[in-house]
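Visitor: Return a 3D structure for these sequence lines:
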Amino acid sequence: MRLAQEGDTVRVHYTGKLSDESVFDCSEGREPLEFVIGEGSMIPGFEQAVRGMGPGQCRTIHVDMDQAYGPRKEEMVTRVDRSLMPPDMDPQEGDVLQVQTPSGIRYAIVMEAAQDEVTLDFNHPLAGQDLIFDIILVEIAQEATSADRIGT
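Guide: Next up, the predicted model:
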């Protein structure tokens, strides 16, 4: 049986949980998640776990925050004067906003919405969390070529 390796396009089903076992995401009822191993589109701990799996194989992994979304960074929480927001916008605590920044569009969670300013958190919602994933490798959808594996 062939095992998943660098450069392969794989399809997986997964359930993502926090340390308290609460589920934050699950692919059940949807198409399997497809990604290329080594492309960097997945968190490092997840990608590493899929390497070496064979089709039909299941694995439960624990991913430390450093191999997931990293630690929460207080410098990524900022206060914005409400006058800088569109006049028709009424952000409320818990809202997720798309914010245009010099480096492109970013998402921020409204932590507090006061009369004259809004506190935005640009941390990923799972930053600072260790994660648990139950993973099933559905298939190796496309095998890497020799050139893909050696980086040419």
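Visitor: now residue 47, what's its secondary structure?
Guide: The three-state label for residue 47, taken from DSSP: H, G, I helix; E, B strand; the rest coil, comes out as helix.
Visitor: and the gap between the residue nearest to it when sequence neighbours are not counted and residue 3?
Guide: Computed as C-beta to C-beta, 6 or more residues apart in numbering, the closest residue to residue 47 that is not its neighbour in sequence is residue 37, at 6.0 Å. C-betas here are computed from N, CA, C, even on glycine. Separation of residue 37 from residue 3 (C-beta to C-beta, to the nearest Å): 11 Å.
Visitor: between those two, what contacts are shared?
Guide: Residues touching both residue 37 and residue 3 (C-beta atoms under 8 Å, 6 or more residues apart in numbering): residue 51.
Visitor: Among these two, which residue is more densely surrounded?
Guide: Of the pair residue 37 and residue 3, residue 37 is the one with more neighbours under other C-beta atoms under 10 Å, namely 22 against 14.
Visitor: mind listing what the more buried one touches?
Guide: Contacts of residue 37 (C-beta under 8 Å, 6+ apart): 4-8, 10, 47, 50-51, 144.
Visitor: for residue 56, same thing?
Guide: Contacts of residue 56 were listed using C-beta under 8 Å, 6+ apart, and they are 136-138.
Visitor: how about the residues you listed in TSV, adding distance to residue 106 and secondary structure?
Guide: Output for those, formatted as TSV (distance: C-beta to C-beta, whole Å; DSSP: H, G, I helix; E, B strand; the rest coil):
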residue	distance to residue 106	secondary structure
136	32	strand
137	32	strand
138	32	strand
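Visitor: Neighbour-wise, give me the winner out of those residues.
Guide: Counting by other C-beta under 10 Å, top hit in the contacts of residue 56: residue 137 with 23 neighbours.
Visitor: Check whether that one really touches residue 57, as I assumed.
Guide: Yes. Using C-beta atoms under 8 Å, residue 137 is in contact with residue 57, at 5.3 Å.
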